[in-house]
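Colleague: kindly generate the corresponding structure for this input.
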Amino acid sequence: MRRYLVKSSLILAVAGVFFSNAPEPPTVTLPSGRLEGIRFSGSPDGVAFLGVPFAAPPVGELRWKPPRPALQWTSLRKADAFAPVCPQLPQGWLPYLEGQEDCLYLNVWTPQLPSNAKLPVIVFFHGGSNTAGYSQFTPLGPPLAQLGVVIVTANYRLGPFGFLAHPALTAESEHHSSGNYGLLDQIQALHWVRENISQFGGDPARVTVMGQSSGAVDICLLMSSPLAKDLFLGAILESGECQSTLNEDIRQPLPFNFIEDTGEAVGLRLASDLGAPSGRNALEKLRSTPPDAILKAWSQDPQVHFDAIVDGWVVPEQPAKLFSDGKQLHVPILIGSNADEATVFGDHGVKTVEQYRKYLEQDSGRFAGQEFAAYPVTSDTDVPARRLELENDSFAYGAYSMALAMTRAGQKAYLYDFTFSDTGKRAHLGAHHGLELSFLSDSFPSDWVRSVASDQLGAFLRGYWAQFAKTGDPNYRGAPSWPVFDSGAEQCLELGHDIRVRAIEPRLRIMQRVMLEVLAGASTLGNKPN
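Modeller: Next comes the predicted model:
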């Protein structure tokens with residue numbers, strides 16, 4: 001099913017985060033050089049290091065290549081401001097920052113700096129469909145660090161810079177692969193954490209990865225990748241995963257999940273739009289093209305899209321097959337979705353029964369009839385509510401199916417359904433996509449109506465997430481009990497105005513039957529998932 005998936009000082013001020021002017025700025029010494037950070041309010045010993053390079057700038061000949069280790073520096077380097085964001089097109093939901101290719105930087109927030117503190121670590125990868133977003137947009141660092149966790153947020157290459165596949169790039173690769181450079185950036189960030197986080201008070205043996213939306217999809221893909229083995233001990237996935245449907249392939253067309261072409265075909269189309277010659281000669285033209293020209297060509301061709309793909313190296317085969325066979329990374333997970341995910345996505349131009357049927361054909365190919373039977377409409381007036389229900393359920397089913405997959409693999413899974421909604425101007429959006437991040441960061445839009453209930457839920461969420469990073473189990477004293485997912489009981493924890501254990505929605509089993517037919521019918525998968 002379908003997945004969606006300013007300046008530093010301004011973003012921090014909006015988030016209610018302010019830094020104090022300490023007489024002696026904190027410093028750390030890394031193999032690459034010395035850093036000078038800054039203290040943040042809300043934690044007596046809280047320290048942040050912002051804009052820290054974790055890889056060499058991916059420019060020139062390094063454009064569309066796996067990331068290289070960060071370059072060394074000799075003098076004391078200030079780490080008191082966020083680094084540039086990666087190139088991207090403007091989005092209505094996100095404050096626009098002009099990007100540059102030299103963007104592979106991360107931020108560290110720690111409640112204690114001593115290198116022997118051995119605190120658990122959360123590494124967060126932002127959402128944005130792998131085409132937009134940046135590490136500082138959701139200010140998770142200060143509120144979660146106050147709970148005794150080191151927080152790392154990282155940029156990664158986006159859109160055509162992070163996910164371009166092309167036959168010439170495949171040919172020059174020793175792994176016969178192209179695309180997924182953004183995933184490789186995330187893996188490089190995790191290597192950096194393993195090698196350096198102890199200097200910030202973190203324990204490299206207790207790293208939890210966390211992502212929302214496409215960031216969660218990417219974490220699922222990392223769980224499918226042998227390159228990420230031993231880099232994290234647990235995973236938190238919010239409103240995204242990769243194993244309940246099919247993912248775009250580098251060369252094989254797949255008429256599912258709104259996939260319109262192969263990875264390499266999309267790359268060839270962009271190269272043609274840019275006037276690049278065919279064959280290996282294309283790379284010289286593509287690597288010499290200014291970033292703005294690439295973004296412009298991308299913006300003008302609606303058939304050019306970018307996302308992570310099954311490339312045979314980073315993601316060796318379809319995650320649905322890997323998870324079905326139990327070959328994914330075996331770590332405990334905390335996973336869930338929001339009750340009204342899709343209210344912020346628009347109607348995709350689907351308003352009539354005919355448009356709805358075409359929408360389902362894009363979603364599940366020749367199995368659109370089964371999907372229509374599960375989510376039927378009888379007239380045009382039925383379409384908006386039914387399509388919204390289907391889209392919301394696709395997120396819930398993804399989380400549910402991944403909890404099932406990890407339970408089959410002998411790992412603990414903690415499944416949630418986030419249902420809290422505002423009572424003010426945003427009430428019509430319900431528990432929309434990304435809303436839980438406001439609770440986790442304790443940072444809400446200006447028109448949000450705060451209440452005792454919302455503040456209490458935020459405190460519980462932050463406690464659950466931090467405790468999971470500490471122990472692999474979100475339960476802590478004073479919080480409502482969150483049971484391990486059981487494939488027999490099939491319960492989740494509802495996170496809303498009330499926090500309670502309840503059964504999953506019966507509709508998810510209907511969607512499960514449809515998707516198992518889709519997956520079993522795909523020749524790339526071989527065996528039918530359980």
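Colleague: only C-alpha atoms from now on, for both contacts and neighbour counts.
Modeller: Noted.
Colleague: now the strands for the stretch 101-250 of the chain?
Modeller: In the stretch 101-250 of the chain, the strands defined using DSSP state E, counting those that start in this stretch lie at 105-110, 119-125, 150-154, 202-212, 234-238.
Colleague: now do the fourth one against strand 105-110, angle only.
Modeller: Just to be clear, that refers to strand 202-212. For strand 202-212 against strand 105-110, the angle by axes from the mean of the first three to the mean of the last three C-alpha atoms, to 10 degrees is 120 degrees.
Colleague: which other helices and strands contact strand 202-212?
Modeller: strand 119-125, helix 181-196, helix 214-223, strand 234-238, helix 452-471 (3 or more C-alpha pairs under 8 Å, 6 or more residues apart in numbering; DSSP states H and E).
Colleague: rerun at 6 Å
Modeller: strand 119-125, strand 234-238 (3 or more C-alpha pairs under 6 Å, 6 or more residues apart in numbering; DSSP states H and E).
Colleague: how about the CA coordinates for the last one, as PDB?
Modeller: Output for strand 234-238, consisting of C-alpha atoms alone and laid out as PDB, is shown next (Å, rounded to 0.1, in the frame of the first residue of the first chain):
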ATOM      1  CA  GLY A 234      16.500  -1.700  18.500                       C
ATOM      2  CA  ALA A 235      14.200   0.200  16.200                       C
ATOM      3  CA  ILE A 236      11.300   2.700  16.600                       C
ATOM      4  CA  LEU A 237       9.200   3.100  13.500                       C
ATOM      5  CA  GLU A 238       6.400   5.700  13.300                       C
END
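Colleague: list the residues that contact the most centrally placed residue in the chain.
Modeller: The structure's the chain has its C-alpha centroid closest to residue 215; by C-alpha atoms, centre = their mean the separation is 0.5 Å. If you count contacts by C-alpha atoms under 6 Å, 6 or more residues apart in numbering, residue 215 has them with 125, 126, 127.
Colleague: how many other residues sit next to the second one?
Modeller: Using other C-alpha atoms under 10 Å, the number of residues around residue 126 comes to 25.
Colleague: likewise the first one?
Modeller: The number of residues packed near residue 125 is 24, by other C-alpha under 10 Å.
Colleague: cool, and residue 506?
Modeller: 8.
Colleague: so what's it up against?
Modeller: Taking C-alpha under 6 Å, 6+ apart, one finds nothing in contact with residue 506.
Colleague: in which helix or strand does residue 50 reside?
Modeller: According to DSSP states H and E, residue 50 maps onto strand 47-53.
Colleague: show me what that strand packs onto, helices and strands only.
Modeller: Secondary elements touching strand 47-53 (3+ C-alpha pairs under 6 Å, 6+ apart): strand 38-40, strand 105-110.
Colleague: quick one: it to helix 181-196, angle?
Modeller: Going by the same axes, to 10 degrees, strand 47-53 makes 130 degrees with helix 181-196.
Colleague: give the next helix or strand downstream of strand 47-53.
Modeller: Next element after strand 47-53 (DSSP H and E): strand 77-78.
Colleague: who does that following strand pair up with?
Modeller: strand 33-36 (parallel) (DSSP bridges).
Colleague: residues in contact with the strand it pairs with: which ones?
Modeller: 26, 27, 28, 73, 76, 77, 78, 79.
Colleague: so residue 253 touches residue 262, yeah?
Modeller: Yes. With contact defined as C-alpha atoms under 6 Å, residue 253 reaches residue 262; the gap is 5.4 Å.
Colleague: separation between the nearest residue to residue 423 once chain neighbours are set aside and residue 422?
Modeller: Nearest residue to residue 423, sequence neighbours excluded (C-alpha to C-alpha, 6 or more residues apart in numbering): residue 449, at 6.7 Å. Between residue 449 and residue 422 the computed distance is 7 Å (C-alpha to C-alpha, to the nearest Å).
Colleague: neighbour count: those two, which is higher?
Modeller: Neighbours were counted for residue 449 and for residue 422 using other C-alpha under 10 Å; residue 422 has more, 19 against 14.
Colleague: helix, strand, or coil at the more buried one?
Modeller: Under DSSP: H, G, I helix; E, B strand; the rest coil, residue 422 falls in the coil class.
Colleague: and it, what pLDDT?
Modeller: Here the pLDDT value assigned to residue 422 is 85.
Colleague: please apply the same query to residue 116.
Modeller: Among the per-residue scores, residue 116 holds a pLDDT of 87.
Colleague: next, count neighbours for residue 66.
Modeller: Around residue 66 there are 21 residues (other C-alpha under 10 Å).
Colleague: again with residue 25
Modeller: Neighbour tally, residue 25, other C-alpha under 10 Å: 15.
Colleague: what of the one 5 residues further on?
Modeller: A count of nearby residues for residue 30, using other C-alpha under 10 Å, gives 15.
Colleague: show me what it is bridged to.
Modeller: Note on residue 30: beta-bridge partners by DSSP bridges are residue 33.
Colleague: who are the contact partners of residue 491?
Modeller: 502, 503, 504.
Colleague: strands - which of the residues you listed land there?
Modeller: The strands, defined by DSSP state E, take in 502, 503 from these.
Colleague: give me the below-cutoff pLDDT ranges for this protein.
Modeller: Along the chain, the parts satisfying pLDDT under 70 run over 1-23, 522-530.
Colleague: which residues of the stretch 351-500 of the chain fall in helices?
Modeller: Counting by DSSP state H, counting those that start in this stretch, the stretch 351-500 of the chain has helices at residues 353-364, 368-374, 383-408, 435-441, 452-471.
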